[in-house]
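*Asks:* Just a sequence and a predicted model for now, questions to come.
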Amino acid sequence: MDLSDAVIVNSSRLKSVVWNDFDRVKKGDTCVAVCRHCKKRLSGSSTSGTSHLRNHLIRCQRRSNHGIAQYITVREKKKEGVLAHANFNMDQEQRKDEMLNLVNVKFEQDPMKDETVNTGNNNFDQRRSRRDLARMIILHGYPLAMAEHFWFRVFVKNLQPLFEFVTLDIVEADCRDIYVEERQKVSEVLDKLPGKISLSADLWATYANAECLCLTAHYIDESWQLKKKILNFVMVDHSHTEDMLSEVIMSCLMDWDIDRKLFSMTFDSSSTNDNIVFRIRDRLSQNRFLYCNGQFFDVRCAANVINLMVQDALEALCEVTHKIRESIQFFKSAEAMQAKFNEVAQEVGVQSKRPLCLDNSSQWNSTYVMLEVALEYREAFSLLQENDTVYTMCPSDIEWERVTLVTSYLKLFVEVANEFTRSKSSTANIYFPELCNIHSQLIEWCKNSDACISSLASKMRSKFEEYWDRCGSGLAVAAMLDPRYKKKLVEYYYPLIYGSSASERIDDVFHCVKELYNEHSICSPLASIDQGLAWQVGGGARCSAASRDRLMGFDKFLHDTSQSEGTKSDLDKYLEEPLFPRSPDFNLLNWWKVHTPRYPILSMMARNVLATPMSKLASEFAFSTERRMLDRDWSSLSPETVQALMCSQDWIRSQIES
């Protein structure tokens, strides 16, 4: 067709992105699309659609980026829905938690009508690309508005011109859709759990001058893997009372239908949380949902207690710490001063290879390191003050001695906090020996002849013993469920802590163990319906829900009489058998998985107890003196969207890690 007298149609009225690469010309009643790269002519009629134009762009050899196909490194398998990166290389210095193995990550396979474009050996799916964008924003915590950022759009257009850009509102809607889908998966998992669920509660700060309550579920699944999932991320107002907060939590529990499956809740230590826990426990106990009338329900975060004691220690040292901090800044103020300090340090025989360093006020372990290193240069500090009239900030000998003692306390706290966060899947048994060491050390520190030090130790001990009175029994029970220790660990530590009354305390712990075991061993409303009859006589059928209340006393009678007749329980057999050898690669959950047939009742109890989050701080927040803060961009979003993003982020990450 001769197009010499054809007219180019204004492309601004054409909505499809393909017209960025075509001119639409009209001659008479005929419309033709002319490729701007190879000048090939194709039908430009409005009735012809644009699919043939999109397909041409993929094959066009003269297009500036030489076609789209070569930029696609992932083959989309339509039937399997699997993204496989064959040679996916990343910078070796990149953080491990940012390296995503995309093999076996499955996505939706129900493309919207008219949104799939055949690109030779690949299919471009607009809907899937939108979902990928939403998942990327969720997973990495990007601002939703990035979908409208200019250079992001330039990048996407050069990578895939067929992608039709979306607005912030559409991205937000896609994120919420993903949340709804993922929430259904989590709900199904929780519904089928063989054991109980323990919750931890955190309050996050936001840039919107509000707070967010984060509820996280901790449980051991059917494969004996310790799991945790954020269930709710609820915006709460500062005006919320303790009663209102307890109602918010109860509402979340019932919304997930897990109020009857709860074993424990972990909070920080505060009087506000005391009242919240009391209200929730009282309500659940009235419905007889809790074991031992809620004796093991109230758990306080061990890392939080350590942080509270650390703050006491740092407060007691605040004046001398200020002197040391100012001294280090003085020595580092000029190269000449630094050289003079190094010369003096060499003169007094300092052997340390570590340079003086300043601390980060938001990380208390960095203050410990600053003080520890400064102690190594103590003699240099003193000599400089004698020889330099300008330097007047050197601590006194008494202050140095106090720094030495308190730093030894901080060292223990650092080591214990590191042990708590060493693994992402720390079971409840690891906390007892570490906290017993702290307990016994606090007793010794209180005997110090320095009134300042003994007063500090007493203050820390008071905080710790308040925690211990609340959680000590639960910690000991968890330790007894470790086959390497059983009762022996309690029998070793309690004399160090309680002295002559240790025997009575040990008996109290064993009574708790037996009581908890007995409630697992009889069919009662305290056990979930899914678990059925945990303890059965003569292979009898599982008791029905209708007869549970009526025959609970009979079940207990059978249990008690069988014990009196000499039948050994799981607990008796477990405690009588030799300790399992200690080894660094011992896997407690795998041990219980293997021994479940031998101890069917005790393993059920172990599943519930060992999943209790005795500490709820991740490694990156173990030493933080500040509250966790919600991202500034996400803080500006609606509460519903914030919950959708935070929960979905956690769930998607757990899928990738699995």
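*Replies:* Alright, I've got the coordinates.
*Asks:* domains of this structure?
*Replies:* Here the domain parsing of the chain from the TED database is 7-61, 174-296+630-657, 303-510.
*Asks:* so where's the longest helix in this structure?
*Replies:* If you go by DSSP state H, the chain has its longest helix at helix 451-480.
*Asks:* for Arg153, what are its contacts?
*Replies:* Phe165 (CB atoms under 8 Å, 6 or more residues apart in numbering). The C-beta positions use only the backbone N, C-alpha and C, and glycine is treated the same way.
*Asks:* if I look at Lys39, how far off is Cys60?
*Replies:* Lys39 is 10 Å from Cys60, where distance means CB to CB, to the nearest Å.
*Asks:* ugh, typo on my part, it should be Leu410
*Replies:* Distance of Leu410 to Cys60, given as CB to CB: 67 Å.
*Asks:* remind me which residues of this structure are low pLDDT?
*Replies:* For the chain, applying pLDDT under 70 flags the ranges 1-7, 10-13, 15, 61, 64-122, 523-550, 552, 555-556, 558-566.
*Asks:* What ranges does it have for its strands?
*Replies:* With DSSP state E as the criterion, the chain has strands at 7-8, 22-27, 30-35, 41-43, 75-76, 82-84, 105-106, 116-119, 122-125, 197-205, 211-220, 226-236, 262-267, 298-300.
*Asks:* now for those, which one comes closest to Ser521?
*Replies:* Closest to Ser521 of the strands of the chain, according to CB to CB: strand 262-267, at 16.1 Å.
*Asks:* Specify the angle between the closest one and strand 197-205 in degrees.
*Replies:* 20 degrees (axes from the mean of the first three to the mean of the last three CA atoms, to 10 degrees).
*Asks:* Can I get strand 262-267 in PDB? Just the C-alpha atoms.
*Replies:* Extracted in PDB, the C-alpha atoms of strand 262-267 (Å, rounded to 0.1, in the frame of the first residue of the first chain):
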ATOM      1  CA  LEU A 262      -3.700 -21.300  74.000                       C
ATOM      2  CA  PHE A 263      -0.900 -22.500  76.300                       C
ATOM      3  CA  SER A 264       0.900 -19.300  77.400                       C
ATOM      4  CA  MET A 265       1.400 -15.700  76.600                       C
ATOM      5  CA  THR A 266       4.700 -13.800  76.800                       C
ATOM      6  CA  PHE A 267       4.800 -10.100  77.700                       C
END
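*Asks:* coming back round to it: the more surrounded of Leu410 and Cys60?
*Replies:* Leu410 (23 against 19; other CB atoms under 10 Å).
*Asks:* Which of the residues in stretch 32-48 are classified as buried?
*Replies:* Neighbour counts over stretch 32-48 (16 or more other CB atoms under 10 Å) mark Val32, Ala33, Val34, Cys35, Leu42, Gly44 as buried.
*Asks:* can those residues go into TSV with extra columns for distance to Glu419?
*Replies:* Listed next are the buried residues of stretch 32-48 as TSV, based on distance: CB to CB, whole Å:
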residue	distance to Glu419
Val32	74
Ala33	68
Val34	71
Cys35	66
Leu42	69
Gly44	71
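*Asks:* Tell me the one among those residues nearest to Ala457.
*Replies:* Nearest to Ala457 among the buried residues of stretch 32-48, with distances taken as CB to CB, is Cys35, at 82.2 Å.
*Asks:* Looking at strand pairing, list the partners for the closest one.
*Replies:* In this entry, Cys35 is beta-bridged to Phe22, by DSSP bridges.
*Asks:* contacting residues around it?
*Replies:* Contacts of Cys35 (CB under 8 Å, 6+ apart): Asp21, Phe22, Arg41, Leu42, His56, Leu57, Cys60.
*Asks:* Could you pull up the residues touching the second one?
*Replies:* Right, Phe22. Ala33, Val34, Cys35, Arg36, Leu42, Gly44, Leu53.
*Asks:* Where do the helices of the stretch 301-450 of the chain begin and end?
*Replies:* With DSSP state H, counting those that start in this stretch as the definition, the stretch 301-450 of the chain shows helices at residue ranges 302-316, 318-331, 335-347, 364-376, 378-387, 397-420, 431-445.
*Asks:* so how far is the fourth one from its chain's centroid?
*Replies:* From the chain centre to the centre of helix 364-376 is a distance of 28 Å (CA atoms, centre = their mean, to the nearest Å).
*Asks:* the inter-axis angle of that helix versus helix 318-331?
*Replies:* Going by the same axes, to 10 degrees, helix 364-376 makes 70 degrees with helix 318-331.
*Asks:* what packs against helix 364-376?
*Replies:* helix 302-316, helix 318-331, helix 397-420 (3 or more CB pairs under 8 Å, 6 or more residues apart in numbering; DSSP states H and E).
*Asks:* what do you get for the fifth one?
*Replies:* With contacts taken as 3+ CB pairs under 8 Å, 6+ apart, helix 378-387 sits against helix 335-347.
*Asks:* hmm, 10 Å instead?
*Replies:* In terms of contacts (3 or more CB pairs under 10 Å, 6 or more residues apart in numbering; DSSP states H and E), helix 378-387 is packed against helix 318-331, helix 335-347, helix 364-376, helix 397-420.
*Asks:* pretty sure Pro395 contacts Tyr377?
*Replies:* No: contact criterion CB atoms under 10 Å: Pro395 and Tyr377 do not qualify, at 11.7 Å.
*Asks:* Overlap of the contact sets of those two?
*Replies:* Residues touching both Pro395 and Tyr377 (CB atoms under 10 Å, 6 or more residues apart in numbering): Ile324, Ser327.
*Asks:* tell me which of the contacts of Cys35 is nearest to Phe152?
*Replies:* Asp21 (20.6 Å).
*Asks:* quick one on the thing from earlier: could I get the helices of the stretch 301-450 of the chain as JSON lines with distance to Thr596?
*Replies:* Conversion of the helices of the stretch 301-450 of the chain to JSON lines gives the following (distance: least, CB to CB, whole Å):
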{"stretch": "helix 302-316", "distance to Thr596": "28"}
{"stretch": "helix 318-331", "distance to Thr596": "52"}
{"stretch": "helix 335-347", "distance to Thr596": "60"}
{"stretch": "helix 364-376", "distance to Thr596": "40"}
{"stretch": "helix 378-387", "distance to Thr596": "56"}
{"stretch": "helix 397-420", "distance to Thr596": "27"}
{"stretch": "helix 431-445", "distance to Thr596": "23"}
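*Asks:* Of the ones you listed, which is nearest Leu193?
*Replies:* So among the helices of the stretch 301-450 of the chain, helix 431-445 is nearest, using CB to CB, at 23.0 Å.
*Asks:* how distant is the closest one from the center of its chain?
*Replies:* 27 Å.
*Asks:* who does it touch, helix- and strand-wise?
*Replies:* helix 302-316, helix 397-420, helix 451-480, helix 487-498.
*Asks:* pull the CA atoms of the second one into CSV?
*Replies:* So that's helix 397-420. In CSV, the C-alpha atoms belonging to helix 397-420 read as follows (Å, rounded to 0.1, in the frame of the first residue of the first chain):
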residue,chain,number,x,y,z
ASP,A,397,40.8,4.6,91.3
ILE,A,398,37.5,3.9,93.1
GLU,A,399,35.6,4.6,89.9
TRP,A,400,37.9,2.3,87.9
GLU,A,401,37.3,-0.5,90.4
ARG,A,402,33.5,0.0,90.1
VAL,A,403,33.8,0.0,86.3
THR,A,404,35.8,-3.3,86.6
LEU,A,405,33.1,-5.0,88.7
VAL,A,406,30.1,-3.7,86.7
THR,A,407,31.7,-4.5,83.4
SER,A,408,32.0,-8.1,84.6
TYR,A,409,28.3,-8.1,85.3
LEU,A,410,27.6,-6.7,81.9
LYS,A,411,29.8,-9.4,80.3
LEU,A,412,27.6,-12.1,81.9
PHE,A,413,24.5,-10.4,80.6
VAL,A,414,26.0,-10.1,77.1
GLU,A,415,26.9,-13.8,77.0
VAL,A,416,23.4,-14.8,78.2
ALA,A,417,21.7,-12.6,75.7
ASN,A,418,23.8,-14.0,72.9
GLU,A,419,22.9,-17.5,74.0
PHE,A,420,19.2,-16.6,73.9
